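Trainee: Sequence and predicted structure below; questions after.
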Amino acid sequence: MTTALVTEHDTTLTQPALRPLPQACRLCGAQQPPAPVAICEECLGPLEPVYDPDRPLPDADTISSRAPSLWRYHEWLPFEGEPVLSLDSGFTPLVEAPELARRLGVARLWIKNDSVSHPTLSFKDRVVAAAINAAHAFGLDTVGCASTGNLANAVAAQAARAGLAAWIFIPDDLELGKVVGTLVYNPRLVRVRGNYDDVNRLCAQAADRFGWGLVNINLRGYYGEGSKTVAFEICEQLGWRTPTAVVAPMAGGSLLTKLGKGFAEFTRAGLVSGPAPRLYGAQADGCAPIVRLVESGGEQVRPVIPHTIARSIAIGNPADGRFAAQAIRGTGGWVAGVSDPDIVAGIRLLAETTGIFTETAGGATVSGALALAGAGRLRPDDEVVLCITGNGLKTVEALQGVLPEASVIAPRLKELEALYGRDL
Amino acid sequence: MAVTFSLPTVLAKLADGQSSIEASGTTLGDVVTQIADRFPRLAPRLRDDTGGPYPFVTFYLNDEDVRFRNGFATPVREGDEITVVAAIAGG
């Protein structure tokens, strides 16, 4: 008997066809059949997938027995049928960090470490895993995105693996690691003169014109659901319970919003109990429109022109800003704006206390958490999770001239002894 | 001042299918008022109940977000290009 080798692309042998769920407008509730469309035709609000409230849901033991990827939570992801692409993203480590907990003055603290996410070392692997399955299901042959870097890496890698063409748009002055980490997969990479918000506008027009599957434009409703898996994994990795507080970086605001949705869904499913974690968001002071929105108590984001080293979160016109603010307010959380020097300090503190090297967004998260603790927003009895969403090797420019120089010596024991003596 | 007013497909449906419309005015607000009068179904997707910009679209005047200028009070000049883009995108 011959055994067939089933690959990611073999969708006909064992699996029913993958079908994206219908969507509904978050604002007006208008229904939309499954389509690569992210905006309500009635009011232009955001579309979100609609889940059957009566669908069978797994219990904790069933979930725990599944493969360690984000698809172990597929009942909460926006498809019917089995996913066929990017099956091995997600389920990153949750690492306890007692020294950092001590520095913050909280009871316990963990790092949700998406800096080691597969395949491109950021949490964007999660959202792209969802979006690329949507693209496949819709029969799209070209995907793409507007990106500050991490998403570019994730789309390029996952499109290459899926055999899809990719058009990827980034600001023209991104860090070298993010450019190389995209180009290596051989997509069509376009560096746009301008900031992320300029890139985003162009991509909104491109999606309208070319009919591509731009993951964070017209596939956005499906894409965003991938972020919920951060919350699901935190719950499972804590032993099917919630922390009391979660701190995450904010760019467009989607991650914060989806964290809140994920915790709420697991609570509704009876997989965890107790109050929702308080959600806290961090931004760079040089691009803090959501921080300012929460602090002001307003409803409408006032866009800003970004000026910060934290390029991955430099979105001056955040599409989900108002929803992130609602999630923060609704859970009793708060926000922190962090200076660029404090972002660098946050990167170093995380590395020196946990052995985790994060990029600038993670530096904002760590220093933001310190600021929140210092202001009494985080409490001594809190159990806190910091979402570290990207890898420091992508943004080494932020540390240039900051770290101590390495000693250079000849391969002679005397020189090492002299060096050692100076350190005593 | 004659200007060009561009709409995404989702809004062009409310303007008899036109994605590019010739209009005139001395400010962006004038132009929007003229367009809204010509296409009443489009009007509530350009202006909110207070007459300000509808919060789920962004207006660009020659590639610049008008929120960094003076909103609907921003003056327009002959030949300017106004582009309306749905605000929910990216991130």
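Mentor: Nice, I can see it.

Trainee: Could you report the neighbour count for the closest residue to chain A within chain B?
Mentor: When C-beta to the nearest C-beta is the measure, chain B has its nearest residue to chain A at residue B:91, with 1.9 Å between them. (Each C-beta comes from the backbone N, C-alpha and C, glycine too.) By other C-beta atoms under 10 Å in any protein chain shown, the residues close to residue B:91 number 28.

Trainee: List the contacts of it.
Mentor: Neighbour list for residue B:91: A:216, A:251-254, A:315, A:318-320 [criterion: C-beta atoms under 8 Å, 6 or more residues apart in numbering or on different chains].

Trainee: now with 6 Å?
Mentor: Contacts were defined as C-beta atoms under 6 Å, 6 or more residues apart in numbering or on different chains; by that measure residue B:91 touches A:251-252, A:254, A:319-320.

Trainee: Which residue, other than its chain neighbours, is closest to it?
Mentor: Counting by C-beta to C-beta, 6 or more residues apart in numbering or on different chains, residue B:91 lies nearest to residue A:252, which is 1.9 Å off, once chain neighbours are set aside.

Trainee: Which element, helix or strand, includes residue A:416?
Mentor: Secondary structure here is read from DSSP states H and E; on that basis residue A:416 sits in helix A:413-423.

Trainee: Please read the previous query as pertaining to residue A:342.
Mentor: Following DSSP H and E, one finds residue A:342 within helix A:340-354.

Trainee: from chain A, which residue is nearest to chain B?
Mentor: The shortest separation between chain A and chain B is 1.9 Å, found at residue A:252 (distances taken as C-beta to the nearest C-beta).

Trainee: Touching, that residue and residue A:315? I think so.
Mentor: Yes: in terms of C-beta atoms under 6 Å, residue A:252 counts as a neighbour of residue A:315; the distance is 5.1 Å.

Trainee: which residues sit against the worst-scoring helix or strand of chain A on mean pLDDT?
Mentor: Scoring the helices and strands of chain A by mean pLDDT, DSSP states H and E places helix A:413-423 at the bottom, with a mean of 93. Taking contacts as C-beta under 6 Å, 6+ apart, the residues outside helix A:413-423 that touch it are A:407, A:409.

Trainee: Distance from the chain centre to it, please.
Mentor: 45 Å (C-alpha atoms, centre = their mean, to the nearest Å).

Trainee: touching chain B at all, stretch A:137-147?
Mentor: Yes: Stretch A:137-147 reaches chain B (C-beta under 6 Å from any C-beta of the partner chain) through residue A:146.

Trainee: Export that stretch to PDB, keeping only CA atoms.
Mentor: This file holds the C-alpha atoms of stretch A:137-147, laid out as PDB (Å, rounded to 0.1, in the frame of the first residue of the first chain):
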ATOM      1  CA  ALA A 137     -10.200  30.200   0.600                       C
ATOM      2  CA  PHE A 138     -11.200  33.200  -1.500                       C
ATOM      3  CA  GLY A 139      -9.000  32.000  -4.400                       C
ATOM      4  CA  LEU A 140      -6.700  35.100  -4.300                       C
ATOM      5  CA  ASP A 141      -3.300  34.600  -5.900                       C
ATOM      6  CA  THR A 142      -1.700  37.700  -4.600                       C
ATOM      7  CA  VAL A 143      -1.400  38.900  -1.000                       C
ATOM      8  CA  GLY A 144       0.200  41.900   0.500                       C
ATOM      9  CA  CYS A 145       0.200  44.500   3.300                       C
ATOM     10  CA  ALA A 146       1.000  48.000   4.500                       C
ATOM     11  CA  SER A 147       3.700  47.400   7.200                       C
END
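
Trainee: Distance from the chain centre to it, please.
Mentor: In this view, stretch A:137-147 has its centroid 19 Å away from the chain centroid, taken as C-alpha atoms, centre = their mean.

Trainee: Can you give me the buried ones in it?
Mentor: Neighbour counts using 16 or more other C-beta atoms under 10 Å in any protein chain shown place A:137-138, A:140, A:142-147 of stretch A:137-147 among the buried residues.

Trainee: Tell me the one of these nearest residue A:123?
Mentor: Ranking the buried residues of stretch A:137-147 by separation from residue A:123, with C-beta to C-beta as the measure, puts residue A:147 on top at 13.2 Å.
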